[in-house]
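*Asks:* with the sequence up front, the predicted model follows.
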Amino acid sequence: MRRDLYLCAVACTALTGVAMAASITPVPTANPKAPGLVTPNVLSPELDLRLLATGSMPLDGATSSTPYYGYIDSSAAVAALMVPVLGSAAAPSTPALESGKTEPDKNTYLVLEPSAGAAPQLGADPAYNYGTHFLYQGHEAGSHGYITRINLDADGAHRVTLLADTLSDGNLIPNIDGSTWYPFSRHLLFTGEEAAASGVTEGVVLQATLNYPSLVSKLDGVIGHAGWEGIQADSAGNLWLVADQGGTTSTLYPAARQPNSFVYRFVPRNRAALDQGGRLQALQVIKLDGSGPIVFHPGQADADVVSKDVRDLHTYGARFRTNWVTIHDTARDGFVAFDANAAAKLAGATPFKRPENGVFRPSYNNRFGEFFFTETGDTNNNSAVGREYGKYGGVFRLAQGGPNANSGVLSLFYLGDREHSGFDNITFLSDRQLAVVEDAGDTMHTQRKSLDSGYLFDATLDYSNAYNQPLRFLAEGRDASAVLDGHAAGLNGNGDNEITGIHCSDGDPGVEGLLGARVPRLFDDGWRLFWTQQHGDNNTWEIVPVRR
């Protein structure tokens, strides 16, 4: 059987529903990027999109500072301006300011059936039934962050509820990136990668209650500050976190960034109360020759971007021993907020080129023994280092004996290239099919003249063999607002659309519902697939099978 047909058949195994076609047809090319060109999203013809929420939707429970799902007031003068206007009679060539974008980000899906005697999920309207199926998101742009809940069973007026835009101490919520559900304490967890104006890392991990309005508090005295993005829980109650903090740009190798970001594991003292502390650990990778760990070298960006260790990490077939090193322990160090990135460097942890998100591979007999995480790379085709030094990033696999193991083996699963680069969000669709989406950025889009894509990988294939290639199932388009954002200076947009929040779940809020605990059956048994089209109109979508 031809390899491309084989991949179609394998993908069909993962994307099987009662009304699915016999195979998944690859989308042949990414959507082009050209000045002023608006293009629709393109999916494999066996798949379709269902719009769940769009940026201009008024929020259920809106506040004066947080009125809409995907837009936030940038000033009183433009509070109601949802669509940018390119000119006026007085200044026809001057773009008008538009309301700032809030960028709803990663998705967490929960099915919350009221148990006997328990109250249903509430919103701003005490007389309304908000249903049982919910999609939670944090927002990562604008003057502040906030938490929304898309009520999937609700009508338009009650479609998106504002759960919180302030912390329990009254301060505004910082901007948010990642999210997950932590069943052990029954909290939503959100991460932020935001840096303060001074350049000091201020990204935090937040915990939020499910109720309306949600009570939200920081965990920076326990987990610390970093460029937090991906966050997942394992069956032991540990939190696995991936941080993205772009490193120093090399002088000798223009546009190449020094590896500067880490993968973490937080071991809580009490799973039912994360704020009671625990140990934050960072992943340490041992050099191939066994001489010591691969570490960060201060002030040596030129050497690090082309070091043998960085090249080894991005070499197919290389297998590295790993350890978890404790970088902060509240029993020893107390509960004062700290810089996790600096602590990881001091402890000799191993830096990567902007790791973004991670997920456990679901299996039938070895739960939480494999952790796959993405690495974004330089997101610049003009980076002066080669692909073999992680210029385009990739996907890594960490294998351990179980979630509490202190050692493991790291290997490269897929090495990015010009067409497959800037990998960001990641989710498993079955025990072997992995969906990975790009956030290559406007610079790379312009350089390669194409927008982002979503790909299917087979976790059992060897991608060092050029015959094996990922299957494109989504070619992201560019809506009119995003085109205008990137075309006209002075607007409050963030440029081209980005794929984020790819999330496959059955919504089970119990420990058995942790991502990785059960093998997904997409489109069957309640398993659903979501993604967010950031920037521009800020739409959130569900991928569904075509009904024929």
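*Replies:* Looks like it arrived, so ask away.
*Asks:* so what touches stretch 57-72?
*Replies:* Identification of contacts with stretch 57-72 by C-beta atoms under 8 Å, 6 or more residues apart in numbering yields 53-56, 73, 79, 82, 99-104, 123-125, 139, 141-144, 146, 148, 151, 156-163, 165, 212-213, 537-539. Placement of C-beta: from N, CA and C, glycine included.
*Asks:* filter the residues you listed to the buried ones?
*Replies:* 53-55, 73, 99-104, 123-124, 139, 141-142, 144, 146, 148, 151, 158-163, 165, 212-213, 537-539 (16 or more other C-beta atoms under 10 Å).
*Asks:* next SSE after the helix or strand hosting Ala435?
*Replies:* Assigned by DSSP states H and E, Ala435 falls within strand 433-438. Going down the chain from strand 433-438, the next helix or strand is helix 441-448, by DSSP H and E.
*Asks:* orientation of that next one relative to strand 433-438 in degrees?
*Replies:* With axes from the mean of the first three to the mean of the last three C-alpha atoms, to 10 degrees defining the directions, helix 441-448 sits at 90 degrees from strand 433-438.
*Asks:* from the chain's centroid, how far away is helix 441-448?
*Replies:* 20 Å (C-alpha atoms, centre = their mean, to the nearest Å).
*Asks:* ok, residues contacting that helix?
*Replies:* Applying C-beta under 8 Å, 6+ apart, the contact partners of helix 441-448 are 33, 379-382, 418-419, 421-422, 440, 451-452, 486, 495-496.
*Asks:* and those residues, which are buried?
*Replies:* Counted by 16+ other C-beta under 10 Å, the contacts of helix 441-448 give 33, 379-381, 419, 421-422, 440, 451-452, 486, 495-496 as buried.
*Asks:* so where's the stretch 251-400 of the chain uncertain?
*Replies:* Along the stretch 251-400 of the chain, the model assigns pLDDT under 70 to residues 366.
*Asks:* next: the chain.
*Replies:* For the chain (pLDDT under 70), the answer is 1-22, 73-98, 116-118, 195-201, 366, 486-493, 548.
*Asks:* can you give me the helices in it?
*Replies:* 3-14, 301-304, 308-313, 330-333, 340-346, 441-448, 480-487 (DSSP state H).
*Asks:* can you tell which of the ones you listed is closest to Ser430?
*Replies:* Nearest to Ser430 among the helices of the chain is helix 3-14; the distance by C-beta to C-beta comes to 3.9 Å.
*Asks:* what's the first-to-last distance across stretch 56-67?
*Replies:* End-to-end distance of stretch 56-67 (C-alpha to C-alpha, to the nearest Å): 9 Å.
*Asks:* in that stretch, which residues are buried?
*Replies:* Applying a neighbour-count criterion of 16+ other C-beta under 10 Å, one finds 57, 59-62, 66-67 buried in stretch 56-67.
*Asks:* mind listing which of the contacts of stretch 57-72 are in strands?
*Replies:* Among the contacts of stretch 57-72, the residues falling in strands (DSSP state E) are 53, 100-101, 104, 139, 148, 151, 160-163, 539.
*Asks:* and those residues as TSV, adding distance to Arg265?
*Replies:* Written out in TSV, the entries for those read as follows (distance: C-beta to C-beta, whole Å):
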residue	distance to Arg265
Ala53	33
Gly100	35
Lys101	33
Pro104	27
His139	27
Thr148	29
Asn151	34
Val160	33
Thr161	33
Leu162	32
Leu163	28
Asn539	34
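*Asks:* in those residues, find the pair that's most separated.
*Replies:* The widest separation within the ones in strands among the contacts of stretch 57-72 (C-beta to C-beta) is 24.5 Å, between Gly100 and Asn151.
*Asks:* list just the nearest of the buried residues of stretch 56-67 to Thr330.
*Replies:* Lowest distance from Thr330 to the buried residues of stretch 56-67 (C-beta to C-beta) belongs to Thr66, with 32.9 Å.
*Asks:* got a list of what the closest residue to that closest one other than its chain neighbours touches?
*Replies:* Spatial nearest neighbour of Thr66, chain neighbours left out: Asp165 (4.5 Å); criterion: C-beta to C-beta, 6 or more residues apart in numbering. Residues counted as contacts of Asp165 (C-beta under 8 Å, 6+ apart) are 63, 65-66, 144-147, 172-173.
*Asks:* now render those as CSV, adding distance to Trp228.
*Replies:* Conversion of the contacts of Asp165 to CSV gives the following (distance: C-beta to C-beta, whole Å):
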residue, distance to Trp228
Thr63, 25
Ser65, 24
Thr66, 22
His144, 17
Gly145, 12
Tyr146, 17
Ile147, 15
Leu172, 18
Ile173, 14
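*Asks:* pick out whichever of these sits closest to Glu193.
*Replies:* The nearest member of the contacts of Asp165 to Glu193, counting by C-beta to C-beta, is Gly145 at 11.1 Å.
*Asks:* please report how far the closest one lies from Leu206.
*Replies:* Distance from Gly145 to Leu206, counting by C-beta to C-beta, to the nearest Å: 9 Å.
*Asks:* over to Arg271?
*Replies:* Distance of Arg271 to Leu206, computed by C-beta to C-beta: 17 Å.
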